[in-house]
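**Q** Provided below for reference: sequence and predicted model.
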Amino acid sequence: MLKTVLLTTIVNYISTIIGIVAVIIITWGAILVFLDLIRLEISRFKGKKPYYKRAVLRHRFGSYLLLGLEFLIAADIILTITHPNLEEIAILAGIVGIRTVISYFLDKEMAYSDKHPTQDK
């Protein structure tokens, strides 16, 4: 009994740590991209047209989002180990499904932007 409680507590902490890492990854990417966006917008006010560079920023931010989403999915899967009832599994399936669809379309958009870059004009 004590081993089960200890194991459950450890798994919960691991899931929480992985979730925190996901939030840090997404936040870090948002900060970096935001700072670069500010630089691009300042250059736009100086007469440059940074359209291609803005697309590159979107691509970079998308990669941070995808990585963070993968970590969040891993955290949810690990957390479900401690509560393997049908309701928790159904909730996990819904979360994973939604995140997978988001990841798929982000990845598809990033691949499209790689194949069809728009140059600065």
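**A** Looks like it came in fine. Residues are numbered from 1 along each chain as shown.
**Q** What is the neighbour count of residue 8?
**A** 13 (other Cβ atoms under 10 Å). To be clear about C-beta, it is placed using only N, CA and C from the backbone, and glycine gets the same treatment.
**Q** Touching, it and residue 82? I think so.
**A** Yes. Taking contacts as Cβ atoms under 8 Å, residue 8 lies within contact range of residue 82: 4.8 Å.
**Q** Return the distance of residue 61 relative to residue 40.
**A** 13 Å (Cβ to Cβ, to the nearest Å).
**Q** ah, wrong one, I meant residue 85
**A** Counting by Cβ to Cβ, the gap from residue 85 to residue 40 is 49 Å.
**Q** In terms of neighbours, single out the busier of the two.
**A** Counted by other Cβ under 10 Å, residue 85 and residue 40 do not tie: residue 40 has more neighbours, with 16 against 9.
**Q** tell me the secondary structure for residue 84?
**A** coil (DSSP: H, G, I helix; E, B strand; the rest coil).
**Q** List phi and psi for it.
**A** Backbone geometry at residue 84, expressed as degrees, to the nearest 10, gives phi -80, psi 50.
**Q** what about it, how many neighbours?
**A** Neighbour tally, residue 84, other Cβ under 10 Å: 9.
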